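Enquirer: Below: sequence and its predicted model.
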Amino acid sequence: MGGRVLVTGADTFWGGRMIQALEADAGIDVLLGLGTRAPMVAFERAEFVRADQTYSILSRIVNAARIDTVIHTFMLVDSTQASARTIHEVNVIGTMNLLAAAGAPCSSVRQLVVKSSGLVYGSTEMDPATFTEETPRARSPRTDVERSLVEAEGMVSDFAEENPTSIVAVLRFANVLGTGIVTSISKNLARPCCPSIFGYDPLLQFVEAGDVVRALEYVMKRRLSGTFNVAGAGRLPWSEVASICGTRLLPLPPVRPALAIAPLVRLGIYGFPPELAALLRFGRGMDTSRLVDAGFEYRYTSAGAVQAFARSLRLHRSTGRRPSAYVYEHDVEQFFRHSPSVDRLVDTPDG
Amino acid sequence: MPLRPLEPAPVPESVRHADPPSGPEDPRRSDVDEWGRSERVRSLARRLYAPVYSKWFRAEWEHLERVPPEGGALLVGNHAGAVPSDAPVIMHGIETELGRPVYGLADYFFRKVPVVGTLWSRAGGIPARPDNAYRLLHDQHQLALVFPEGVKGPSKPWADRYQLRRFGRGGFVELAMRAGVPVVPIAIVGSEETMPVLWQLPQLADLFGLPYVPVTANMLLMGPLGIVVPFPAKLRLRVLEPITFDVEPHRERYQKSRVMEESERIRQSMQAALYDMLGDRRSIWFG
């Protein structure tokens, strides 16, 4: 079990959740979070290090802290949240620097867990109903996010080949639903009407946000290597997803649907990246037996994840409030961690 | 500067110990399976199609008992008529008589077409891909229907009626070998006369990106209605002896010569059955 862990993307939803999950593990001596902005969640014992997007200082940190396990969660998968250039910088250049640091001759890194996405399979009419980890894409990627993820995964598999003693795992997640995470899909489902493409009712698979963190943690602790699909069991048509979430379908014309919805996207009402446009036509299914056979137990099926999301939507509508956001205060964190006045045995963060 | 590890703090409930959704209710609201097939849509389709099947085509089966009542099997038919009626007739017949679902494997072209693609999928259509077929036949022990002639069957001219085209590259044999299931050939007579192809319009097909655009006798007689309405030819279907291959399943590749040989043998047996049935046929309309 790795005792000195570095989590990338500590300022993002996934990095934050991952660190929170690992903080409870007494077997981890050193827990570092690397991020570009202030973290979104409060850390109890993890140390936060601010870096630039491309992680150019990473090798220094890895060496200085003698990191043995890297959990790479900083991969952008939603192209509505960043420009094409940023996506490239983060996914490709960031991963490249990470692998360079981890693969340096003096590096102490022995394990690497990468959070990737089912987007690497794409979504076309030529797809099989179910992708296994070995199924190749039907077509070469056409969108920035998919291209960058495929490229980043390629670098990771090269790294695994060049460093046969390292444990390298890549997790490909289905579309995530959960409280607290906003994706194009969750944003659309929260509206009274959500976009679909007329004449198409694709089958989708979802994974619940908690299962994402649990899967990353499981793969890390079991020291599994290889590629794993992570998705809740079963899949359901988009119309059914909308119906469970209590929203109506807003059918877009099958020709240039993105153009038709562009004004509403511009107003910030919907998210409609090209990956979603493809998904709303052809969907995607992933075979999850490899991780299940390795002993991982999902808490949610695909339909269960949708239902849990629908419940959180209803709760949010009824109370009209979101959980209060945490604001990272450097001085406050320093005070709690290092001030002699703080009695750390009784200190309960968040009060 | 080592950090003293703090006591493991409670992690937010939602992160680690989220209970599965409470209540006994099943979140699913439709019965669409992982292939996109819906038994509810199928049963509606069967109810609508029943008069077409029994009154219009008066479909009649021989040796339906040769279709295995359980376990995976690859059904193989001859494909004919501009808009072929053979697929719905075979699927309808086996589902009503044997009570087993049949998944129809067809070109992924359909999936791109709005409405049609979705209906096709809900009614049990699946893109013909080797991994789909393997999963269906081997892992799930289902019946899958393929037409090895592919688009060459329905697009062939009237002059070539009941002349089986090449059976692709024998992919269906390889599929059955890999999945370890029998091939069940089905010979259909009458389908050629339901919608005879008179000419092809290749320019129009190119323009619309369609596999073929034929002019049919139905269009000449009925106008635009002829695109969808077949002639009421009597359909006879004969199930041939299932063929099992004595090879080790789950292999990546099989000897090409063996595959082609088996494929050709099946083609010839179906061709012979067609000639035999046509020899017995007194009337196109009454069988």
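Expert: Happy to help now that I have it. Residues are numbered from 1 along each chain as shown, chains lettered A, B, ... in the order given.
Enquirer: Test my guess that B:Ala217 contacts B:Glu193.
Expert: No. If you go by Cβ atoms under 8 Å, B:Ala217 and B:Glu193 don't touch, sitting 9.0 Å apart. C-beta: built from backbone N, CA, C; applies to glycine.
Enquirer: Identify the contacts common to those two.
Expert: Residues touching both B:Ala217 and B:Glu193 by Cβ atoms under 8 Å, 6 or more residues apart in numbering or on different chains: B:Phe231.
Enquirer: Comparing these two, which residue is more hemmed in?
Expert: B:Glu193 (21 against 17; other Cβ atoms under 10 Å in any protein chain shown).
Enquirer: Follow the chain on from the helix or strand hosting that one and name the next helix or strand.
Expert: Using DSSP states H and E, B:Glu193 maps to helix B:191-194. Next helix or strand after helix B:191-194 toward the C-terminus (DSSP H and E): strand B:197-200.
Enquirer: burial of the residue in the stretch 201-350 of chain A positioned nearest to chain B, as a residue count?
Expert: Relative to chain B, the nearest point of the stretch 201-350 of chain A is A:Gln307 (3.7 Å; Cβ to the nearest Cβ). A:Gln307 sits with 24 neighbouring residues when counted by other Cβ under 10 Å.
Enquirer: Quick check, it in contact with B:Arg28.
Expert: No. The pair formed by A:Gln307 and B:Arg28 falls short of the contact definition of Cβ under 8 Å, at 9.2 Å.
Enquirer: All the helices of the stretch 101-250 of chain B, residue numbers only.
Expert: All helices of the stretch 101-250 of chain B, identified by DSSP state H, counting those that start in this stretch, fall at B:109-112, B:116-122, B:130-134, B:171-179, B:191-194, B:202-208, B:217-222.
Enquirer: List the buried residues of the second one.
Expert: Residues of helix B:116-122 classed as buried by neighbour count (16 or more other Cβ atoms under 10 Å in any protein chain shown): B:117-118, B:120-122.
Enquirer: Looking at those residues, which is nearest chain A?
Expert: Nearest member of the buried residues of helix B:116-122 to chain A, counting by Cβ to the nearest Cβ, is B:Thr118, at 4.8 Å.
Enquirer: Quick check: that closest one vs A:Phe282, distance?
Expert: Per Cβ to Cβ, to the nearest Å, B:Thr118 is found 11 Å from A:Phe282.
Enquirer: which neighbours do these two share?
Expert: Jointly contacting B:Thr118 and A:Phe282 under the rule Cβ under 8 Å, 6+ apart are A:Tyr200.
Enquirer: elements contacting the lengthiest strand in chain B?
Expert: Using DSSP state E, we find that the single longest strand of chain B is strand B:183-189. Contacts defined by 3 or more Cβ pairs under 8 Å, 6 or more residues apart in numbering or on different chains; DSSP states H and E place strand B:183-189 against strand B:73-77, helix B:86-98, helix B:171-179, strand B:236-239, helix B:256-280.
Enquirer: who does the first one touch, helix- and strand-wise?
Expert: Yep, that's strand B:73-77 we're talking about. On a contact count with 3+ Cβ pairs under 8 Å, 6+ apart, strand B:73-77 meets helix B:86-98, strand B:143-146, helix B:171-179, strand B:183-189.
Enquirer: For the closest residue to chain A within chain B, which non-adjacent residue is spatially closest?
Expert: When scored by Cβ to the nearest Cβ, chain B has B:Pro114 as its residue closest to chain A, at 2.4 Å. Among residues not flanking B:Pro114 along the chain, A:Gly199 sits closest, at 2.4 Å (Cβ to Cβ, 6 or more residues apart in numbering or on different chains).
Enquirer: Leaving out sequence neighbours, find the closest residue to A:Met286.
Expert: Leaving aside its sequence neighbours, A:Met286 sits nearest to A:Asn229 (Cβ to Cβ, 6+ apart; 4.1 Å).
Enquirer: Let me see the backbone angles for the one you found.
Expert: phi -80, psi 140 (degrees, to the nearest 10).
Enquirer: That one: how many residues sit nearby?
Expert: Neighbour count of A:Asn229, defined by other Cβ under 10 Å: 26.
Enquirer: pLDDT value on it, please?
Expert: On the pLDDT scale, A:Asn229 is placed at 97.
Enquirer: From B:His138, how far off is it?
Expert: Counting by Cβ to Cβ - A:Asn229 and B:His138 are separated by 19 Å.
Enquirer: B:Pro196 too?
Expert: Between B:Pro196 and B:His138 the computed distance is 38 Å (Cβ to Cβ).
Enquirer: What parts of the stretch 201-350 of chain A come near chain B?
Expert: Within the stretch 201-350 of chain A, the positions adjacent to chain B are A:201, A:203, A:208, A:210, A:213-214, A:234-237, A:239-240, A:243-244, A:254, A:281-282, A:285, A:299-301, A:303-304, A:306-308, A:311, A:337, A:344-345, A:347-349 by Cβ under 8 Å from any Cβ of the partner chain.
Enquirer: Please report phi then psi for the closest residue to B:Met222 other than its chain neighbours.
Expert: Once flanking residues are discounted, B:Met222 sits nearest to B:Val229: 6.0 Å by Cβ to Cβ, 6+ apart. When read as degrees, to the nearest 10, the backbone of B:Val229 gives phi -100, psi 120.
Enquirer: can you check A:Phe173 too?
Expert: Residue torsions, per degrees, to the nearest 10, at A:Phe173 are phi -90, psi 140.
Enquirer: ok, and the closest non-adjacent residue to it?
Expert: A:Val230 (4.8 Å).
Enquirer: neighbours of the one you found, just the number please.
Expert: For A:Val230, the count of nearby residues is 28 (other Cβ under 10 Å).
Enquirer: what do you get for B:Leu210?
Expert: 13.
Enquirer: quick one: pLDDT of it?
Expert: On the pLDDT scale, B:Leu210 is placed at 84.
Enquirer: give me every residue that touches it.
Expert: B:Leu210 sits next to B:Leu204 when contact means Cβ under 8 Å, 6+ apart.
Enquirer: ditto for B:Ala205
Expert: Going by Cβ under 8 Å, 6+ apart, B:Ala205 touches B:211-213.
Enquirer: now those residues in JSON lines, with neighbour count?
Expert: Converted to JSON lines, these look like this (neighbours: other Cβ atoms under 10 Å in any protein chain shown):
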{"residue": "B:Pro211", "neighbour count": "12"}
{"residue": "B:Tyr212", "neighbour count": "16"}
{"residue": "B:Val213", "neighbour count": "17"}
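Enquirer: could I get those residues as a markdown table with distance to B:Lys55?
Expert: A markdown table is the format used below for the contacts of B:Ala205 (distance: Cβ to Cβ, whole Å):
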| residue | distance to B:Lys55 |
| --- | --- |
| B:Pro211 | 30 |
| B:Tyr212 | 29 |
| B:Val213 | 30 |
